[in-house]
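*Asks:* mind folding the following:
(one chain, ligands or ions: 4)
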Amino acid sequence: MSYAVKELFKTLQGEGAQAGRASVFCRFTGCNLWSGREADRDRAVCRFCDTDFVGTDGDGGGRFADAESLAAAIAAAWDGAPGPRYVVFTGGEPLLQLDAALTAAVRARGFEVAVETNGTQARPEGVDWLCVSPKAGAPLALDGGDELKLVYPQAGLDPSEFERLDFRHFFLQPMDGPEQAKNVQAAIAYCLAHPRWRLSVQTHKIIGIR
Ligand SMILES: C[S@@+](CC[C@H](N)C(=O)[O-])C[C@H]1O[C@@H](n2cnc3c(N)ncnc32)[C@H](O)[C@@H]1O
Ligand SMILES: Nc1nc2[nH]cc(C(=O)O)c2c(=O)[nH]1
Ligand code: SF4
Ligand SMILES: [Mg+2]
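*Replies:* Ligands and ions are numbered 1, 2, ... in the order given. Model prediction:
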């Protein structure tokens, strides 16, 4: 199978329970909940996306013919630094492309494998850390994982609906956009009143890394 990648870069994971961790980010092209075109945003299922995942023209992006060639590019992006290697597959929606061949190829190069998904697709083999971020109006195909990271608030989604699912961590991440300051206050208030939930701040945006 071939893979379309928007961009590939090393940075610190900015969100959730692994925040602060050195990571190679592999951002796949394409999503099933939005075309990525601004003209389509208002009629998309997911309308608040903060990410450009169209095309293969970003830093380190491109079309990779097979799992070995993409895994080699991921290993090169790690840059030879010693210690535990960590790759985060995101997008776009990574589970439209990530498969067992690719998780095996990066694991063979010493990587732990993390995924950021909207939860609408099945989980492939070989994932060590699964972050699920459900979207209002999209069917949830996964009933567990490592962290549930709910962008908050979303009309029609009550966080309590997700508490029955099998996750180790439950996070609210304030929705970025025009109402960001208000959404931060709402998420803080929810976490104070519902201590099962923790706040996930998008730290990379604050400190100015990608
Ligand atoms: C761009 S998405 C890509 C992965 C996958 N499609 C998903 O939605 O989980 C990466 C993360 O950013 C979150 N996110 C996207 N737009 C956001 C926004 N405007 N404010 C806060 N988080 C956002 C998503 O919910 C997800 O947790
Ligand atoms: N630093 C950093 N951390 C992130 N965590 C999840 C991200 C994503 O876009 O999936 C992301 C991202 O884009 N940058
Ligand atoms: S599901 Fe994820 S990548 Fe797709 S539009 Fe929503 S936030 Fe963006
Ligand atoms: Mg991001």
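*Asks:* only C-alpha atoms for contact and neighbour calcs from this point on.
*Replies:* Fine.
*Asks:* count of neighbours near residue 33?
*Replies:* 19 (other Cα atoms under 10 Å).
*Asks:* got it, and residue 76?
*Replies:* 13.
*Asks:* can you tell me how far it sits from residue 69?
*Replies:* In this view, residue 76 and residue 69 are 11 Å apart by Cα to Cα, to the nearest Å.
*Asks:* I'd guessed residue 154 sits against residue 133; true?
*Replies:* No: contact status for residue 154 versus residue 133: not in contact, 11.6 Å apart, counting by Cα atoms under 8 Å.
*Asks:* neighbour count winner among the two?
*Replies:* Between residue 154 and residue 133, counted using other Cα under 10 Å, residue 133 has the larger neighbour count: 19 against 15.
*Asks:* and whichever residue of the chain sits closest to ligand 3, which of the three is it?
*Replies:* As assessed by Cα to the nearest ligand atom, ligand 3 sits closest to residue 92 within the chain, at 3.6 Å. Here residue 92 is recorded as coil under DSSP: H, G, I helix; E, B strand; the rest coil.
*Asks:* got the residues of this structure near ligand 2?
*Replies:* 11, 12, 13, 14, 15, 90, 116, 204, 210 (Cα under 6 Å from any ligand atom).
*Asks:* give me every residue that touches the fourth one.
*Replies:* Read that as residue 14. Residues near residue 14 by Cα atoms under 8 Å, 6 or more residues apart in numbering: 20, 21, 201, 202, 203, 204, 205.
*Asks:* who's in contact with residue 54?
*Replies:* By Cα under 8 Å, 6+ apart, the neighbours of residue 54 are 6, 29, 30, 35, 36, 37.
*Asks:* nearest to residue 191 among those?
*Replies:* Taking Cα to Cα as the measure, residue 191 lies nearest residue 36 of those, at 31.1 Å.
*Asks:* grab the nearest non-local neighbour of the closest one.
*Replies:* In space, and not counting its chain neighbours, residue 36 is closest to residue 54: 6.0 Å by Cα to Cα, 6 or more residues apart in numbering.
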